[in-house]
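Student: Task: produce atomic coordinates for the following.
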Amino acid sequence: MSLRGPSTRPAWQRWALALWPAALAVGATYSAWPWLTSGHWPSLAGIAVVLALAVGLTLGEIRRACLSGPITAPGFVSVVERRIRFFGPTIGPLPGGVMDVAEIERIELDVDPSPIPDTMDTDVTWRLIGGGRVLEIPAHAAGAEQLYDAFAPLAGIDWDAVAAVMSEPYMARYTVWEKQG
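Tutor: Below you'll find the predicted structure:
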């Protein structure tokens, strides 16, 4: 018998990856205390490196958990060798497609809030524009959290703005990245 219900499992799994580096940071801080009080400064340099790495990993995983949400949209995303594939339903406004990260010229987020007042349901769609094509991917499709890794090498993308747009209550389209030059 499980104490966690099916509705809480996805939220727990989203945040679980952030707990491991956070535990590493706490462990590094705890193990550094005796050396700090005894004046053994050379060993602290190694602990400081581990602590900095753990904090960086924790912040990255927290950002990833904030950007991913429950799977409420149809279709699924696959990212292999910097090629983004969206397998959508065969009938509907978002049928799917394929685009390489190298050919992306602009990334937009299309926000469509819920018509039901006082709900936080918002349909957010990634719009990847490049090579005369547009690939639209629902932000809450299965595997959409892989887009975070796919877009990581793009210089200048503002992840804080992306997180803010994900909870935007107004219908709008935001450009979150555009290729320079």
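
Student: residue boundaries of the strands in this protein?
Tutor: 76-80, 83-87, 96-100, 106-113, 122-130, 133-138, 172-178 (DSSP state E).

Student: Which of those strands sits closest to Ala144?
Tutor: Within the strands of the chain, the stretch nearest Ala144 is strand 76-80; the backing value is 5.0 Å (Cβ to Cβ). In this view, the C-beta of every residue, glycine as well, is placed from N, C-alpha and C.

Student: Output that closest one as PDB, nothing but the C-alphas.
Tutor: Extracted as PDB, the C-alpha positions of strand 76-80 are listed here (Å, rounded to 0.1, in the frame of the first residue of the first chain):
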ATOM      1  CA  PHE A  76       5.000  13.800 -26.200                       C
ATOM      2  CA  VAL A  77       8.400  15.300 -26.800                       C
ATOM      3  CA  SER A  78      11.700  13.500 -27.600                       C
ATOM      4  CA  VAL A  79      15.100  15.200 -27.800                       C
ATOM      5  CA  VAL A  80      17.900  13.100 -29.300                       C
END
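
Student: And that strand, how far out from the chain middle?
Tutor: 14 Å (Cα atoms, centre = their mean, to the nearest Å).

Student: what's that strand in contact with?
Tutor: By Cβ atoms under 8 Å, 6 or more residues apart in numbering, the residues outside strand 76-80 that reach it are 84-87, 137, 141-144, 146-147, 149-150.

Student: any idea how far Ile157 is from Ala52?
Tutor: Distance, Ile157 to Ala52, using Cβ to Cβ, to the nearest Å: 23 Å.

Student: Looking at these two now, which is surrounded by more residues?
Tutor: Looking at Ile157 and Ala52 with other Cβ atoms under 10 Å, you find the greater number of neighbours at Ile157, namely 15 against 12.

Student: Spell out which residues sit in contact with the more buried one, please.
Tutor: Here Ile157 is in contact with 107, 151, 176-177 (Cβ under 8 Å, 6+ apart).

Student: Just the helices from the chain, written as ranges.
Tutor: Remark: helices assigned in the chain by DSSP state H are 9-38, 41-67, 146-151, 159-166.

Student: which intervals of this protein have sub-threshold pLDDT?
Tutor: For the chain, the stretches flagged by pLDDT under 70 are 1-14, 39, 41-42, 66-70, 90-94, 113-122.

Student: check contacts around the residue sitting nearest the centre point of it.
Tutor: The centroid of the chain falls nearest to Arg64 when counting by Cα atoms, centre = their mean (3.4 Å). Contacts for Arg64 (Cβ under 8 Å, 6+ apart) come out as 17-18, 145, 148.
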